[in-house]
Structure formats: C-alpha cells, structure tokens
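A.B. asks: One predicted model, sequence on top.
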Amino acid sequence: MKLRNYQEQNKRDIYDAWDDHRFVLSVLPTGAGKTVIFSSILAEAKGLSVVIAHRREILGQISLALAKYGVKHSILGPVKAAREFAERHREEVGRAWIDPNASVCVASVDTIQARRDTLGGWGEQVRLWVQDEAHHVLTSNKWGKVASLFPNAKGLGVTATPIRADKKKLGLFTKLIQGPGQRQLIDENYLTDYRIFAAASDLSVEKLSVTPSGDFNRLKLAEASERSHIVGDVVEHYHKIAPGEMGVTFVTDVKTAGVLAEEFTRSGVPAAALSAKSSDEERATALRAFRNGELKQLVNVDLFGEGFDLPEIRVVAFARPTASYGLYCQQFGRVLRPAEGKGAGKIIDHVGNVLRHGLPDKPVKWSLETGRKPKDDPSEPPLRTCLECFQVWESYSRECPHCGFIAEVRGRSLPEQVEGELSELTPEALATMRADVARVDCSVEEITAPLKYVGAPNVAIWGLAAKHRERQSAQEVLRFYMAAWGGRIDLDINAKQIRFYREFGVDVLSAQALGRPDAQLLTERIINGFG
C-alpha cells in the first residue's frame, strides 16, 4: 500500500518529532488516512508494539488496515472478535493476517485496563504504543492509565480533532503535528465535497444548558426530541433530498433511534437502530447488512461519530444537536470519504449544528496549549440558509448560488441587524448615520458657530475647535486606511461592508463618525490586519 505525498510527509514529521518528544500527536482530518500512516509505522517498528482503540468497529478497521499493509498482528480481546476480523481479512485481501505470536498487537483500551495486573511484564517490553482517536487521552483517565503500562515505549496519538468537549488539555502529548486541512484534501480529490441542507425542525435547544462535559444535557435532549416532530421531519427530508441513498442519522437517545428506524422501515427504507447499549453481535450484524446494501439507514446514538469508515455513505442527517465542535466535525466527516460515482456527500441538518459551529473545512490552527477550538476568524463570510432550496452556503451575498433565490429583507433599521450591509438599512437610519459623518466633516467655523451665537466664553470655543480638529485629523488617517483595506478586498461594495463589520465590529458609516480615541484604535486594528 503506497502512501500519498502528504501521508509520507506526516510520517517523516512523526519520526523527526520522536527525536525530542516521547509522546507525539498527529492531527489529520477525518478520512485523510491516519490508520494507513500508523499501519506503515507499525510495519517498520522494532520490538513489540500495540495499537489501542475503544470500540469493536474501530478495532476491526485497524485490523483490516494492518492486513492490507501485510502486517501480522494479534488481537487482545474476545476470541469471537478475532474470528470476525480474520473473516473480513479473507473477504478483502484474500487471507487472514492475525497471528497470536505477532509483534504487533491490536487491543481494546477496556481489555487492557481490565487485565493490567497481569500485563505488566508485557507492557515493559512494548517499544511503541499507538492510540487511535487520541483526543480521549488524559493522564488521569483510563487511556492515560493504560499508556502508563508502557514505560519504555514511544507514543503516537492520532485524531482529527485534538480537543475535548470538557475543554481539558491533552496533557500526555508534548508535540503536535498538523497535516493538510480538509478543504485542501477535498480540492485534491482525496475527500469528497459536500452539500448542506438546513432542513426545518421544531427540536429546540434554546432553553437547554451545557453540562460540565461540554455538551447539552442528555436527558433534556431526549425530552426535547420527544416533544418535537423530528422523526417525521428526518424521514420526510430524506425522501426529498436523498431518496434511496445509504445514510447515517445521529439522534439524541435510544428511544428516538428505535422510533425513527421503525418509521424509516415503514416508509420503505430498511433501517436499524444502534447505540452503545446494543450488543457486539447486534452491531456487527447491522454493519454487515449495511455494507451489503440490505440496510439503507443506520440510526445511532453517538456510536458512529468516530472511526467509522464506510465510503459508500452518501448522506448524514443531524437529528442530535451538539455543543461540541469536535463531535460535530467527527459526525460530519462520515460522509466525506470518496467512492466511485458518489459525487458530493449530503448533510441534512435538522438541528442547526452547521450554523452553530460553522463549516468544518475552514482552516484551523490546532495547539496543545489549550483544550479549546481556536477562535474563528471574524472576517470569514457568514453562513446563509436559502429559504427556497434549504441549502447552506458561505457568502457575503444574499443570492443563493444553488438556486438563485434572493431573500427579501424587511424591517431592517440598525447595522447590527444586517451585519453592516448599509444598502439594507432604512432610509431614516441611513440619514441619521450620514448626519453624524457630515458633522465630522464640518469646518471649525460651522462647528463653533452655535457657541459664538450664544456668547460662550472664548476658552470654550477654542476648546471645541481644538477637539474638532483632532477628531478630523484622526478621521483623515482612519479613512485613508479604510480605503486601503477596501482596495485589498476583491468583493462588491455590499460584501465589503459586511466583511468590515464582521472583522472590526463597526459599520463603515459609524466608523467615519468615531471620535479621536476610537478612530485611532480602529486605525491601529486595520493597520495590524495588513500583516
């Protein structure tokens, strides 16, 4: 199996990082081939090595990737799972690569944790451990405790999202290596592009609190789902947008999953409901039927958000709101793996996850210094939802690029309501704002005339005149740099106004009416933005 260029580079970066760091974290988008990269590294490893995951489906995919790389490996887990993996090897590569005496071991984190008292001698011999979905690892939790079982080993963690919903730092790793972003991989045809449909639903999270875990309260989510019409909405929009296509739907709770799967099946779409409460046998049987096309929908509760690799998935539906950016990106990524004849993957978002978190392919600079997602660039175009075709796009224009629909703007009177797009303001609001700018542009004689008329002392007149000159001077400099900023932006005038407002927090007319201190501060921000 030949590595792609960016995968080769990522592998070299990992080896280089190990010269100075024992525990290295590699970050690549969902579908970029993290398993392929560490399979290549394991194939070259000297001595004993172990790769760790937390779900049977992920363990099976790792085992298959090693088989495709020609790497013999043992399975530390149930004998039934090893037999199942071996059968998958025979189907995909013609022979089984599972060998109890192999130097590479594929293991469940729970199995190691349960047997840690008997694995100490083996753990001391391990020279390399690899942790899949490494955003789970904290020094104090079970993943960190399992890592401590290998005191003589180098460590490699891989993940698409090096953050946790609870904002805790991934403190075990000391070096982060970031590969190409999702958009680059889409543009280079390593991932499929996508279309987003913001389908209507009455499942609301407005009154739901975010728990210390970093996501919405599970019980409250389930109650909100039961009160809503989400089941009917999901089935209806699936038939409208992606009829007959293989899909995964994420829901809030086990009860909703069961009801939705039944509704799908009743409408002619064979479906299964799965969750962490489903047995290994149930999950394996459903996945086999799904791969064979006997099932068209897997309705699940937070089960296939990580590591689930099936390129044939053509549609993902969000019926489960999440406050976690990492979970959102993982779930979104299920539809991005390319397959022959697939075209763009479809995201049907019933719960506002896309508008809540933004597009997952925007550039993100990850860091180990914080457990949080880096702040968004305020100058990024807003996300808009078409009221005609329900598709979402990133644009400063109100015209939908998919169907050409232009939403009518009504009742807009303040800049804050329209993100600085001044052409949408009412004539009365514009007149008031232009009057404020005109006052700045008045001559000293005009600005001091009222004081002279009432016979104010000269010191008051001179003070007002000096203050006005300072304001005009500051505004002259500010307007020069505003013009320079606008000249660098290749957008129409309305789009420039919106971007200026998003980047600097003030519309262009209000900026031209600022007093001296605020005008100087804004000038500094514009200059700093030139880079």
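C.D. replies: Sure, I can see it.
A.B. asks: okay, CA-based contacts and neighbour counts for the rest of this
C.D. replies: OK.
A.B. asks: how near is residue 97 to residue 44?
C.D. replies: 16 Å (CA to CA, to the nearest Å).
A.B. asks: Neighbour count: those two, which is higher?
C.D. replies: residue 97 (23 against 10; other CA atoms under 10 Å).
A.B. asks: Hmm, the more buried one is touching residue 89, no?
C.D. replies: Yes. Contact criterion CA atoms under 8 Å: residue 97 and residue 89 qualify, at 7.1 Å.
A.B. asks: Need the residues touching each of these two.
C.D. replies: Shared contacts of residue 97 and residue 89 (CA atoms under 8 Å, 6 or more residues apart in numbering): residue 67.
A.B. asks: looking at this protein, which helix or strand does the model trust least?
C.D. replies: One helix or strand of the chain scores below all others by mean pLDDT, DSSP states H and E: helix 415-418, with a mean of 67.
A.B. asks: where does the closest residue to residue 228 other than its chain neighbours land on pLDDT?
C.D. replies: Leaving aside its chain neighbours, residue 228 sits nearest to residue 203 (5.2 Å; criterion: CA to CA, 6 or more residues apart in numbering). Residue 203 carries a pLDDT value of 88.
A.B. asks: C-terminal to the least confident helix or strand of the chain, what's the next element?
C.D. replies: Per DSSP states H and E, the first helix or strand lying C-terminal to helix 415-418 is helix 427-440.
A.B. asks: C-terminal to that following helix, what's the next element?
C.D. replies: helix 444-453.
A.B. asks: And for residue 348, the neighbour number?
C.D. replies: 26.
A.B. asks: Next, count neighbours for residue 326.
C.D. replies: 22.
A.B. asks: got the contact list for it?
C.D. replies: Per CA under 8 Å, 6+ apart, neighbours of residue 326: 161, 162, 163, 164, 165.
A.B. asks: Helix or strand: which one has the second one?
C.D. replies: Element membership of residue 162, judged by DSSP H and E, is empty: it is in no helix or strand.
A.B. asks: One more: the last one?
C.D. replies: When secondary structure is defined by DSSP H and E, residue 165 falls outside every helix and strand.
A.B. asks: ok, it - contacts?
C.D. replies: Residue 165 touches 213, 214, 215, 323, 324, 325, 326, 327, counting by CA under 8 Å, 6+ apart.
A.B. asks: can we see that at 10 Å?
C.D. replies: 135, 211-215, 322-327, 371-373 (CA atoms under 10 Å, 6 or more residues apart in numbering).
A.B. asks: of these, the lowest pLDDT goes to which?
C.D. replies: The minimum pLDDT among the contacts of residue 165 falls on residue 371, with 64.
A.B. asks: Identify the residue nearest residue 342 in space, chain neighbours excluded?
C.D. replies: Once flanking residues are discounted, residue 342 sits nearest to residue 314: 7.0 Å by CA to CA, 6+ apart.
A.B. asks: Got the confidence number for the one you found?
C.D. replies: pLDDT, residue 314: 95.
A.B. asks: quick one: the helices in the stretch 351-500 of the chain?
C.D. replies: 353-357, 415-418, 427-440, 444-453, 458-487, 493-504 (DSSP state H, counting those that start in this stretch).
A.B. asks: Tell me how many other residues surround the closest residue to residue 338 other than its chain neighbours.
C.D. replies: Closest residue in space to residue 338, ignoring its immediate chain neighbours: residue 192 at 5.0 Å, by CA to CA, 6+ apart. As a burial measure, residue 192 scores 24 neighbours (other CA under 10 Å).
A.B. asks: same thing with residue 187?
C.D. replies: Neighbour tally, residue 187, other CA under 10 Å: 11.
A.B. asks: Now do stretch 330-338, average pLDDT.
C.D. replies: Rounded mean pLDDT across stretch 330-338 is 92.
A.B. asks: Just the terminal-to-terminal distance for it.
C.D. replies: Taking CA to CA, stretch 330-338 runs 16 Å from one end to the other.
A.B. asks: So residue 122 belongs to a helix, correct?
C.D. replies: Yes. Residue 122 forms part of a helix when assessed by DSSP: H, G, I helix; E, B strand; the rest coil.
A.B. asks: didn't it look like it was pressed against residue 115?
C.D. replies: No. Residue 122 lies out of contact with residue 115 (CA atoms under 10 Å); the separation is 11.3 Å.
A.B. asks: still on that earlier bit, from the helices of the stretch 351-500 of the chain, which stretch is densest packed?
C.D. replies: Counting by mean count of other CA atoms under 10 Å, helix 493-504 has the highest mean neighbour count of the helices of the stretch 351-500 of the chain, with a mean of 20.
A.B. asks: Test my guess that residue 525 contacts residue 504.
C.D. replies: Yes. At 7.8 Å, residue 525 counts as touching residue 504 under the criterion of CA under 10 Å.
A.B. asks: Please name every helix or strand in contact with whatever helix or strand residue 287 lives in.
C.D. replies: Secondary structure assigned from DSSP H and E places residue 287 in helix 280-291. Contact here means 3 or more CA pairs under 10 Å, 6 or more residues apart in numbering; DSSP states H and E; on that basis helix 280-291 packs against helix 56-68, helix 79-93, strand 271-274, strand 297-300.
A.B. asks: buried sites along the last one?
C.D. replies: By neighbour count with 16 or more other CA atoms under 10 Å, strand 297-300 contains the buried residues 297, 298, 299, 300.
A.B. asks: burial of the residue nearest to residue 228, as a residue count?
C.D. replies: A count of neighbours around residue 203, defined by other CA under 10 Å, yields 21.
A.B. asks: what sits against it?
C.D. replies: Neighbouring residues of residue 203 by CA under 10 Å, 6+ apart: 221, 223-230, 319-321, 350-352.
A.B. asks: 7 Å instead?
C.D. replies: 224, 225, 228, 230, 351 (CA atoms under 7 Å, 6 or more residues apart in numbering).
A.B. asks: How about residue 275?
C.D. replies: For residue 275, the contacting residues are 254, 300, 301, 303, by CA under 7 Å, 6+ apart.
A.B. asks: Tell me the one of those residues nearest residue 187?
C.D. replies: Among these, residue 303 lies closest to residue 187 (CA to CA), at 28.9 Å.
A.B. asks: picking up where we left off before, which one, of the helices of the stretch 351-500 of the chain, ends up nearest to residue 343?
C.D. replies: Comparing the helices of the stretch 351-500 of the chain under CA to CA, the one sitting nearest is helix 353-357, at 20.6 Å.
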